[in-house]
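Engineer: Have a look; sequence and predicted model below, questions after that.
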Amino acid sequence: MIYEYKCIGCGNVFEEVRLAAERDFEALCPACGSSADRQISRDVAVHFKGNGFYTTDYKRKERNETPKA
């Protein structure tokens, strides 16, 4: 995952690529070496995989099927 950080010392904003399991990772600013706070990002990347995400993937009804009463 890509996390966005803001440096406490100089205000530099930078990104780090980390595993989701590394939640307690302490990021250091590449410019000054101070610790940084993780920011909440508005940009979320979503990648849908598998069947069911397009109208062509849905099961179609048989045309010769009689309505059930």
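Structural biologist: That came through, no problem.
Engineer: Name the nearest residue to F25, sequence neighbours excluded.
Structural biologist: Nearest residue to F25 in three dimensions, chain neighbours excluded: R18, at 5.6 Å (C-beta to C-beta, 6 or more residues apart in numbering). In this view, the C-beta of every residue, glycine as well, is placed from N, C-alpha and C.
Engineer: Tell me, how many residues neighbour I2?
Structural biologist: 10 (other C-beta atoms under 10 Å).
Engineer: Then S34?
Structural biologist: 14.
Engineer: if you skip the residues just before and after it, what's nearest to it?
Structural biologist: Here the residue nearest S34, using C-beta to C-beta, 6+ apart, is G9, at 3.2 Å.
Engineer: measure the one you found to A27 for me?
Structural biologist: According to C-beta to C-beta, to the nearest Å, G9 stands 12 Å off from A27.
Engineer: More neighbours: which of the two?
Structural biologist: Using other C-beta under 10 Å, the more surrounded residue of G9 and A27 is A27, with 19 against 12.
Engineer: what's near enough to touch that one?
Structural biologist: Y3, Y5, E16, S35, A36, R38 (C-beta atoms under 8 Å, 6 or more residues apart in numbering).
Engineer: switch the cut-off to 6 Å
Structural biologist: Y5, E16, A36 (C-beta atoms under 6 Å, 6 or more residues apart in numbering).
Engineer: F14 now?
Structural biologist: Taking C-beta under 6 Å, 6+ apart as the definition, contacts of F14 comprise Y5.
Engineer: ditto for the one 5 residues further on
Structural biologist: With contact set as C-beta under 6 Å, 6+ apart, L19 has no partners.
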